[in-house]
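Student: next comes the sequence, and after it the predicted model I'd like to discuss.
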Amino acid sequence: MAERLDASKVVIPSAAHSPAVEAPETTASALTDFWNKTERDTR
């Protein structure tokens with residue numbers, strides 16, 4: 001699925017099991033970047 005979506009690997013420092021809980025700002029930023037790129041590429 002990641003290949004099909006052209007998603008890149010993101011390492012979130014200080015997050016082990018649950019990045020959304022352990023590093024929410026970094027996780028949100030990575031997701032927002034992905035969604036923005038996906039929207040730009042599909043238009």
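Tutor: That came through, no problem. Numbering: from 1, shown residues only.
Student: what's near enough to touch Lys15?
Tutor: One thing to correct before we go on: residue 15 is Ala, not Lys. Contacts for Ala15 were tallied using CB atoms under 8 Å, 6 or more residues apart in numbering; they are 22-23, 26-27. For every residue, glycine as well, the C-beta is placed using N, CA and C.
Student: does it count as helix, strand or coil?
Tutor: Secondary structure assignment for Ala15 (DSSP: H, G, I helix; E, B strand; the rest coil): coil.
Student: what values do phi and psi take at it?
Tutor: The phi/psi pair for Ala15 (degrees, to the nearest 10) reads phi -120, psi 130.
Student: if we can go back for a sec, in TSV, list the contacts of Ala15 along with pLDDT and secondary structure.
Tutor: Below are the contacts of Ala15 laid out as TSV (pLDDT from 0 to 100; DSSP: H, G, I helix; E, B strand; the rest coil):
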residue	pLDDT	secondary structure
Glu22	96	helix
Ala23	96	coil
Thr26	95	helix
Thr27	95	helix
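Student: which stretches of this structure form helices?
Tutor: Assigned by DSSP state H, the helices in the chain fall at 2-5, 19-22, 24-42.
Student: which strands or helices does the second one pack on?
Tutor: Counting contacts by 3 or more CB pairs under 8 Å, 6 or more residues apart in numbering; DSSP states H and E, helix 19-22 packs against helix 24-42.
Student: so which bits of the helix it packs on are buried?
Tutor: Residues of helix 24-42 classed as buried by neighbour count (16 or more other CB atoms under 10 Å): 26-27, 30.
Student: how much space between Ala16 and Thr32?
Tutor: To Thr32, Ala16 is 22 Å away according to CB to CB, to the nearest Å.
Student: oh, I was asking about Pro13
Tutor: Relative to Thr32, and taking CB to CB, Pro13 is found at 17 Å.
Student: before I go, just wanted to say thanks for your time.
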